[in-house]
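S.K.: for reference, the sequence and a predicted model appear below.
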Amino acid sequence: MAERALLGAAILKKQIEENLSEVGFWGKIFGAEANYLIAVGIVQKFSGVPSKKFFYIVSGGENPTSELAELEHKFGDLAQKDLGRQLQGVPETPLQEESDEEGQETYTEAHLLALTVAVSDRIDVLL
């Protein structure tokens, strides 16, 4: 019940902030320490063809977040190799050695989550 309330308030807020025509619950991905609740928003484009925008909330764990963070498709090659790996439920967890280069973004569980959702969504569309 707490998850539903957490997600409901965050979805409404995100729909208003991002001017999304629709936002809804997409699914739940279980992690070892906490779970990810995934929402999908529909973005109307000028071309008339809507696109999807995915967001997540961490539920359970020590610090559940009430902010929907956008899933970004970065580090595709690294995430592809890790696809199917058990997620922990901690999006900032680094999944590779941190770079010595200053300002360089680190590959984290959030990137793997983004690819996991994208692949699952494509499979759902095909079925």
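M.R.: Looks like it came in fine.
S.K.: okay, CA-based contacts and neighbour counts for the rest of this
M.R.: Fine.
S.K.: how about the strands in the protein?
M.R.: Per DSSP state E, the chain carries strands over the ranges 22-29, 35-43, 51-59, 69-70.
S.K.: could you export those as TSV, including mean pLDDT, distance to residue 11 and mean neighbour count?
M.R.: Formatted as TSV, those follow (pLDDT from 0 to 100; distance: least, Cα to Cα, whole Å; neighbours: other Cα atoms under 10 Å):
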stretch	mean pLDDT	distance to residue 11	mean neighbour count
strand 22-29	91	6	16
strand 35-43	90	7	22
strand 51-59	87	9	21
strand 69-70	62	11	16
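S.K.: how much space separates residue 54 from residue 97?
M.R.: The gap separating residue 54 from residue 97 is 27 Å, by Cα to Cα, to the nearest Å.
S.K.: least trustworthy helix or strand in the chain by mean pLDDT?
M.R.: Least confident helix or strand, the chain: strand 69-70 with a mean of 62, by mean pLDDT, DSSP states H and E.
S.K.: how deep is residue 87 tucked in, by neighbour count?
M.R.: Neighbour count of residue 87, defined by other Cα atoms under 10 Å: 23.
S.K.: how about residue 96?
M.R.: 11.
S.K.: wait, it touches residue 111, no?
M.R.: No. Residue 96 lies out of contact with residue 111 (Cα atoms under 8 Å); the separation is 11.6 Å.
S.K.: list the contacts of the closest residue to residue 110 other than its chain neighbours.
M.R.: Using Cα to Cα, 6 or more residues apart in numbering and skipping residues adjacent in sequence, the residue nearest residue 110 is residue 91, 4.5 Å away. By Cα atoms under 8 Å, 6 or more residues apart in numbering, residue 91 lies in contact with 108-110, 113.
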